[in-house]
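Chemist: Fold the following.
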Amino acid sequence: MTRSDLPVDFMTLALLAIFAVFIFMTFRRQKKAQRQQQEQQAQMGPGVEVMTSFGLYGTVVSVDDAENKVVLELSPGNTATVHRQAVTKILTPAADAAAPAGATTVDPTAPVVPDDASSLTGATSTEDTLPGQPAEPARPETPEETLRRLDQNENKDK
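Modeler: The predicted structure follows:
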């Protein structure tokens with residue numbers, strides 16, 4: 001048999017087979033990604049913590065299926081509306097988010113971290129305070145006091 005007697009040579013068949021396998025694998029990968037995204041979208045509901053494709057972390061407030069919009073609460077009182085596909089990662093599944101907000105689990109072996117700087121100075125009584133420092137416990141600064149203090153510091157720099 002000569003080469004001209006064969007209607008299609010072996011090399012052409014091999015290339016077509018490789019091309020067919022490549023196309024099959026591409027479609028398979030796309031279907032798998034779509035299935036995974038649909039499962040993720042099904043888990044998304046109010047109270048679920050998520051991360052967007054641009055790095056914002058938030059809690060889902062509402063989902064609008066008709067408009068493909070998700071309202072995220074980024075911090076208390078601050079919301080952002082994003083496209084549904086911008087939510088790329090679910091941090092807490094819907095089952096965990098359904099737990100009451102006040103019900104937090106606390107590890108009894110975890111160290112206790114104070115919410116102020118008193119542990120850094122070690123000042124626990126009036127004897128331990130620095131000279132010129134008031135002996136009264138520290139209280140939060142009001143916005144007016146903060147502005148006054150910042151203005152004074154700015155005037156010192158001039």
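Chemist: From now on I want contacts and neighbour counts done on CA atoms only, so please keep to that.
Modeler: Fine.
Chemist: Before we go further, residue 70 is sitting in a strand, right?
Modeler: Yes: assessed by DSSP: H, G, I helix; E, B strand; the rest coil, residue 70 belongs to a strand.
Chemist: list the contacts for the residue lying closest to it once chain neighbours are set aside?
Modeler: Residue nearest to residue 70 in three dimensions, not counting chain neighbours: residue 63, with 4.6 Å by C-alpha to C-alpha, 6 or more residues apart in numbering. Applying C-alpha atoms under 8 Å, 6 or more residues apart in numbering to residue 63 gives the contacts 44, 45, 46, 69, 70, 71.
Chemist: quick check, nearest of those to residue 149?
Modeler: residue 71 (38.0 Å; C-alpha to C-alpha).
Chemist: need the contacts of residue 63 in TSV with distance to residue 36, pLDDT and neighbour count, can you?
Modeler: Output for the contacts of residue 63, formatted as TSV (distance: C-alpha to C-alpha, whole Å; pLDDT from 0 to 100; neighbours: other C-alpha atoms under 10 Å):
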residue	distance to residue 36	pLDDT	neighbour count
44	13	79	23
45	16	82	18
46	20	87	17
69	19	91	16
70	19	91	24
71	22	92	19
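Chemist: from these, which two are the most distant?
Modeler: Going by C-alpha to C-alpha, the pair spanning the contacts of residue 63 furthest: 46 and 69, at 12.7 Å.
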